[in-house]
Structure formats: structure tokens, C-alpha cells
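**Student:** just coords:
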């Protein structure tokens, strides 16, 4: 799991917030909202309204769960993981796009699809158009640096399914970018 | 563009981003109705008080478990009804007494933890009790 940079001195605020100090929690929000929102924005396919809803939900859950935070990891890492879980639960609740053999058969062979240079905006737009579950796997693996084992655990799928979703997402992404160029 | 460069381009998307609006007011308002998982204590109990609570929790656990065990021994065979506090009733009567004792110990520890949520000793005892409950279930499953 990639570590999330965090201020070394936020442990006092974490303890205070766990004891119910709202101001301390606001300071934690200010410190970490960028990292949390960034990850949720990518998982939400750059749908800003959804990413904002998920960010709010993540911080509310963090507030509720803070008394159980055991300081075994950095607060930022704990919060990041909790926020990603909120987004993945949202995807799971929607029962979005389970991968099927038919989907893979419709995809072009990755070897036939060229790698296309793309502007950041084009890349974000193409990621936003991916099916939610395939997008989640691509974002977690190729952008956030997660392993298939962790993705499978969080999304409730086998490692092989996670790999299939990644293959599908990459192919769709390259195809989308190829058609634009 | 080769695959390596393409992947690098993807990884460069991993950056913090600022929401279009300040989300804190909405979060702050929602926190009013969002109770924390454990009611925060006003002040941490002193070391001496925590030790006292730990001892009291242990003593209460032993008393309740002993009392329940005694009642179980006094009950006629085949009438070893599990008290209402027990969540799990093993089919095998050989495991019933231990199940009741462990359940009672767990409940006592949970009550003690409510008084002293920061007590690592109580948390450790609770985890150990829960592990023992899981082992008992495993043994009961194997025996059946």
C-alpha cells in the first residue's frame, strides 16, 4: 500500500479528535482533504460531485471510527484506506459491471492497440468513461500502486478477476485514446 | 510511445486535488448526528485508576464465570439451559459450561472497557477471550 505523506505532528490532533474535539478534526481535514479527494476523484471517474459526496462520507466515517484508531499506522494511511473503502463500497453497492468472458472477447488484442500519448485532460476523460469496476481496478493498480491481492480483497473478487478487469480497463483506455488521436 | 512511458503517464495522475468547494461546513453539520463509535472520556483515567479497573474487571469476570459454572454444575443433567446472555449454544453439552463462562467473561470485559476504553490490558484480555470462544466453537464443530 503506498504510504500517504502526513504531518509528523498530527498525532496530537488525532488523539484530540478521537476524544471529540471538532476543531482538531477540522485541522486533520484541512491537512488530508487533498490526498483523500484526489484518490476519490480518480475512483469516481473525475465526477466531481460524486467525489465530493464520497469525501464527505469518508470524513464522517473517519470521525465515527476515530476512537478505534490504534495508531498502528500513520493517520493519513488509515484515512486514505478508509476513504478508498467508501468509494469501493459505493461501487459494490451499485453492482457495477461484473466482468464477463463476452466483454473480453469484444476487446481488441492489446498488442494491436497502440500506446498513444495523451494530454492529462484526455487521459482523465478516458478514465472517466471506463465502467466503474474496471476503472476502480485500473486506478488502484496502475495509479495508486495496489497489488491485485489487495484489490481483490477490497472489491470482493478473485485475483484472477482483478487481473481480467485490469486487462479490460487498459484495452478500453487505449482504444479510447487511440480513437481520439 | 511504449508501454513503460504510458504507465508512467498514468502514475503521474496520482496527485492530491482540491475540491471545487469547501466541504468542511457540510461535514461539520453532519457530525452533529454522527456519534463516535465509543463515547469519549472527559479525562484519561489515572494509572492507578486503570489498574483498579483492570483488577475489578478481572475479579467480576471470575465471579460471574464461577457463579455460572457452579449453577451449571448444580443443574440436573439435560437441563443445562444457557442463560439469556449467551449468544452461542453448542449442541454438545460438554461444551456448554465453557461457552457460558467465556461469554460471561467477554460481557464483563466489555463493561469494564466502557469504563476504561484506553486500557490496553482489558483490550488484550477481551481479544484473548474472543480467541478462546472461537477455539471452542472450532472444537465443538469438530466434535459434531
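**Tutor:** The structure has been received and is ready for your questions. Given the structure is predicted, the values throughout are model-derived calculations rather than measurements.
**Student:** Quick one: mean pLDDT over the helix or strand containing residue A:51.
**Tutor:** If you go by DSSP states H and E, residue A:51 is part of helix A:48-65. In this model, helix A:48-65 has an average pLDDT of 96.
**Student:** Now do the buried residues in it.
**Tutor:** Going by neighbour count (16 or more other C-beta atoms under 10 Å in any protein chain shown), the buried part of helix A:48-65 is A:50-63, A:65. The C-beta positions use only the backbone N, C-alpha and C, and glycine is treated the same way.
**Student:** Could you list the low-confidence segments of chain A?
**Tutor:** A:1-9, A:95-118, A:179-181 (pLDDT under 70).
**Student:** And the residue of it that's closest to chain B?
**Tutor:** residue A:34 (3.4 Å; C-beta to the nearest C-beta).
**Student:** before we move on, the earlier item: specify which member of the buried residues of helix A:48-65 is nearest to residue B:126.
**Tutor:** Nearest to residue B:126 among the buried residues of helix A:48-65, counting by C-beta to C-beta, is residue A:65 at 18.0 Å.
**Student:** Can you report phi and psi for the residue in chain B that chain A sits nearest to?
**Tutor:** Minimum separation of chain B from chain A (C-beta to the nearest C-beta) falls at residue B:16, amounting to 3.4 Å. Note on residue B:16: backbone dihedrals following degrees, to the nearest 10 are phi -60, psi 160.
**Student:** and it, what does it touch?
**Tutor:** Neighbouring residues of residue B:16 by C-beta atoms under 8 Å, 6 or more residues apart in numbering or on different chains: A:34-35, A:37-38.
**Student:** redo that, cut-off 10 Å
**Tutor:** A:4-5, A:32-39, A:41 (C-beta atoms under 10 Å, 6 or more residues apart in numbering or on different chains).
**Student:** Restricted to helices, list the residues you listed.
**Tutor:** A:32-39, A:41 (DSSP state H).
**Student:** Buried subset of those residues as a ChimeraX selection?
**Tutor:** Only the buried entries of these go into this ChimeraX selection, using 16+ other C-beta under 10 Å:
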select /A:32,33,35,36,37,38,39,41
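**Student:** separation between the residue positioned nearest the centre of chain A and residue B:123?
**Tutor:** By C-alpha atoms, centre = their mean, chain A has its centre lying nearest to residue A:43, at 4.2 Å. According to C-beta to C-beta, to the nearest Å, residue A:43 stands 33 Å off from residue B:123.
**Student:** and what of residue B:138?
**Tutor:** According to C-beta to C-beta, residue B:138 stands 23 Å off from residue B:123.
**Student:** more neighbours, those two?
**Tutor:** Neighbours were tallied for residue B:138 and for residue B:123 using other C-beta atoms under 10 Å in any protein chain shown; the higher tally belongs to residue B:123 (15 against 10).
**Student:** Could you list every helix and strand in contact with the helix or strand where that one lies?
**Tutor:** According to DSSP H and E, residue B:123 maps onto helix B:120-143. Using 3 or more C-beta pairs under 10 Å, 6 or more residues apart in numbering or on different chains; DSSP states H and E, the elements in contact with helix B:120-143 are helix B:47-74, helix B:96-115.
**Student:** So for the shortest one, what gets flagged as buried?
**Tutor:** By that I understand helix B:96-115. Under the neighbour-count criterion of 16+ other C-beta under 10 Å, helix B:96-115 has B:96-109, B:112-113 buried.
**Student:** Equivalent analysis for stretch A:65-72, please.
**Tutor:** A:65-67, A:69.
**Student:** Between these, which sits nearest residue A:126?
**Tutor:** Nearest to residue A:126 among the buried residues of stretch A:65-72: residue A:65, at 34.6 Å, using C-beta to C-beta.
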